[in-house]
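1. build the 3D model from these lines:
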Amino acid sequence: MHLLKAFELDIRFASPNTSASVAIALTRYSQRKDGRLFLTPPCASFEDLEGQINSMQDELGEIRERARRAFQVV
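-> Next up, the predicted model:
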């Protein structure tokens, strides 16, 4: 199963008038008719769901490290 990236890190570096900030943005989701947003496709098994969760945890770990480096530059 190919897992696409679900998150990205939005880095706003400090300027003379603003302080630095970061935010996590969604890059992949689906929206149902009831308005709920879903981060994964429908999973037919626990293994599929676990793969999606592991992928998101890996992405968030990478984002944490990028954010740490971004704040060290500040």
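2. what segments of the chain are strands?
-> Under the criterion DSSP state E, the chain carries strands at the ranges 7-12, 21-26, 30-31, 37-38.
3. what's the neighbour count on Arg69?
-> Other residues near Arg69 number 10, with proximity taken as other CB atoms under 10 Å. The C-beta positions use only the backbone N, C-alpha and C, and glycine is treated the same way.
4. then Ser45?
-> Number of residues near Ser45 (other CB under 10 Å) recorded here: 8.
5. list the contacts for it?
-> Residues counted as contacts of Ser45 (CB atoms under 8 Å, 6 or more residues apart in numbering): none.
6. rewinding a little: which stretch among the strands of the chain comes nearest Gly61?
-> Nearest to Gly61, of all these, is strand 7-12, at 10.7 Å by CB to CB.
7. which neighbours does that closest one have in its sheet, and in what orientation?
-> When pairing is defined by DSSP bridges, strand 7-12 lines up against strand 21-26 (antiparallel).
8. send me the partner strand as CSV with only the CA atoms.
-> This file holds the C-alpha atoms of strand 21-26, laid out as CSV (Å, rounded to 0.1, in the frame of the first residue of the first chain):
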residue,chain,number,x,y,z
SER,A,21,5.8,30.4,14.3
VAL,A,22,5.1,27.0,12.9
ALA,A,23,1.8,25.2,12.1
ILE,A,24,0.9,21.7,10.9
ALA,A,25,-1.3,21.8,7.8
LEU,A,26,-3.3,18.9,6.3
